[in-house]
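In: Predicted model follows, preceded by the sequence.
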Amino acid sequence: MVSYKRLNPEDVQFSHAALSAEPRHAQEDVPDAEDGALIPRRPPCSITTCLLVVGALLLLLCGGWLLGTMFWLHRPAGQRPHRPPPPAPALGPGANDTAAASRRAACALIPEAWRFDCYPERAVVVTRELCEARSCCFIPATSPSPSAAALARPSGRNDIPWCFYPRDFPSYSLVAVSDTPLGQKATLVREVKTYYPADVLTLEVEVRQETVTRLRVRVRRLRLAASC
């Protein structure tokens, strides 16, 4: 039969080797929590973080480019680098001068009696630019006397206009002539419009010999009858 004896705490004794071995084994297997916390751990780099960094860099580049462009545009013109103007295109060898000279020579051949006023507006100083803008001839009067110049019209001397129609000015063409009991009736047609605001392209001319000493000429707009 086995018997047991109850031991008091004073009777229990441990050796120094056993006490020191067990704690050392525990320290080797389980690391200290305080020592592990001292080592910094780097968080893993994710794709979202990389995209945010790249977007921030692009935003900075765009902002710098925009600021530079605004500064360049608002900079005074005197501070910009001077660039010589491009060379002007070479003109033809006097082609315009030759055409103008030939036209003036043709205008000078028109007799003064056949020079009809091309610029009849009053209170207007007719210049060469205004006259030639209407494709008309411009020949000023030659050395008028002071008294004649004071009494003459501003656009001519002795009622001879300085600005008059050339021979090739678009005019009317006679397309039809018919006899009437007292004369003739004709139709005039203009194919090219001129500078007149309400240019009439078709006219009717009626010539009537009413008496031996009276001839009546009537020009009016041709009114075509509506066809059924």
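Out: Noted; the coordinates are in hand.

In: ok, longest helix in the chain?
Out: Secondary structure of the chain read by DSSP state H shows that its longest helix is helix 47-73.

In: For that helix, give the mean pLDDT please.
Out: Averaged across helix 47-73, pLDDT comes to 84.

In: ok, now stretch 112-130?
Out: Stretch 112-130 comes out at a mean pLDDT of 89.

In: Which residues does that stretch contact?
Out: 131, 134, 136-138, 154-156, 160-165, 169 (CB atoms under 8 Å, 6 or more residues apart in numbering). Bear in mind the C-beta positions are built from the backbone N, C-alpha and C, glycine included.

In: just the helices in the protein please.
Out: Taking DSSP H as the criterion, the chain carries its helices at 16-29, 33-37, 47-73, 95-108, 128-133, 146-151.

In: Out of the contacts of stretch 112-130, which comes closest to residue 48?
Out: residue 134 (76.4 Å; CB to CB).

In: Would you list the phi and psi of that closest one?
Out: Per-residue torsions, residue 134: phi -100, psi 10 (degrees, to the nearest 10).

In: What is the neighbour count of residue 185?
Out: Residue 185 is flanked by 16 other residues according to other CB atoms under 10 Å.

In: Tell me the spacing between it and residue 218.
Out: Distance, residue 185 to residue 218, using CB to CB, to the nearest Å: 10 Å.

In: okay, and the common contacts of those two?
Out: 205, 206.

In: what comes up buried for the longest helix of the chain?
Out: The neighbour-count check on helix 47-73 (16 or more other CB atoms under 10 Å) flags nothing as buried.

In: looking at this structure, which helix or strand is least sure?
Out: Taking mean pLDDT, DSSP states H and E as the measure, the helix or strand of the chain with the lowest value is helix 146-151, at a mean of 43.

In: Can you pull out the low-pLDDT segments for the protein?
Out: 1-5, 7, 9-45, 75-96, 142-158, 224-228 (pLDDT under 70).
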